[in-house]
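[1] Sequence first, predicted coordinates after that:
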Amino acid sequence: FKTTTKADLAAALNAYIEQDAPKTMILPTTDKYADFGLTEWTNTVSPKPMYWTPGKGRDFNLKQAAAADVAIGFADYLLAESGTITVATTPGQGRGFHFLPTHYLAIIKKSNILPRSRQAMDHYDADIKAGKLQTSNINFITGPSNSGDIEMTLVVGVHGPLDMTYLVVEDM
């Protein structure tokens with residue numbers, strides 16, 4: 001969990017990338033870059049990112065996501081009660097986008113921190129009824145998976161990224 005301002009968001013993302021030193025990175029195809037002041041950042045970020053691309057097909061996008069060291073995406077809400085993020089699947093940010101890369105960073109507006117899942121579902125319900133959102137599912141993501149075998153050996157990231165970072169933009 002990290003915080004930043006809209007003005008410092010690109011620098012915070014660059015610091016995250018520099019820390020992980022990924023060889024490959026995937027970003028969503030979305031108009032949210034402009035909302036967060038990241039349009040120029042997408043043109044200068046290194047390594048040159050792959051994009052989850054609507055129209056390229058499921059296999060193309062899943063292969064790119066599985067090959068990505070890092071995914072940087074946008075979460076819809078952060079639930080204060082559990083530290084869970086919620087993400088509605090969209091053509092530019094599909095289901096596998098959040099689960100296949102090795103490391104995952106979600107960008108969230110501070111104004112989208114909600115107390116519990118009920119409030120998030122109320123927002124989604126209103127957006128779906130108003131025609132603002134069409135989705136095949138809504139993911140609730142609470143950190144990397146943990147699994148223990150019969151000998152109780154803990155393995156992290158069995159069903160998803162090895163680690164997750166939530167970057168809250170405070171002035172939005």
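    Looks like it arrived, so ask away. In this text the structure is predicted, and so the values were computed from the model without any measurement. Residues are numbered from 1 along each chain as shown.
[2] Which parts of this structure are strands?
    Under the criterion DSSP state E, strands of the chain are mapped to 2-4, 25-28, 50-52, 70-74, 77-79, 84-88, 103-109, 113-114, 138-141, 146-148, 154-156, 163-169.
[3] you'd agree residue 96 is up against residue 62?
    Yes. Using CB atoms under 8 Å, residue 96 is in contact with residue 62, at 4.9 Å. C-beta: built from backbone N, CA, C; applies to glycine.
[4] Neighbour count for those two, which is higher?
    Neighbour count, other CB atoms under 10 Å: between residue 96 and residue 62, residue 96 has more, with 19 against 16.
[5] measure the more buried one to residue 161 for me?
    The gap separating residue 96 from residue 161 is 12 Å, by CB to CB, to the nearest Å.
[6] swap in residue 19?
    For residue 19, the distance to residue 161 - CB to CB - is 15 Å.
[7] Could you check which of these two is surrounded by more residues?
    Neighbour count, other CB under 10 Å: between residue 19 and residue 161, residue 161 has more, with 23 against 10.
[8] Below-threshold pLDDT in this protein: ranges please.
    By pLDDT under 70, the low-scoring segments of the chain are 143-160.
[9] which stretch among the strands of the chain comes nearest residue 131?
    When the strands of the chain are compared by CB to CB, strand 84-88 sits nearest residue 131, at 13.8 Å.
[10] So which elements touch the closest one?
    strand 77-79, strand 103-109, helix 117-129, strand 138-141 (3 or more CB pairs under 8 Å, 6 or more residues apart in numbering; DSSP states H and E).
[11] Tell me which of those sits nearest to residue 26.
    Checking the helices and strands packed on strand 84-88 against residue 26 by CB to CB gives strand 103-109 as the closest, at 9.9 Å.
[12] CA atoms only: put that closest one into CSV for me.
    C-alpha atoms of strand 103-109 as CSV (Å, rounded to 0.1, in the frame of the first residue of the first chain):
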residue,chain,number,x,y,z
HIS,A,103,3.9,-8.6,-10.0
TYR,A,104,0.7,-6.4,-10.0
LEU,A,105,0.1,-2.8,-9.2
ALA,A,106,-3.4,-1.3,-9.0
ILE,A,107,-4.0,2.5,-9.2
ILE,A,108,-6.9,3.7,-7.1
LYS,A,109,-8.4,7.1,-6.5
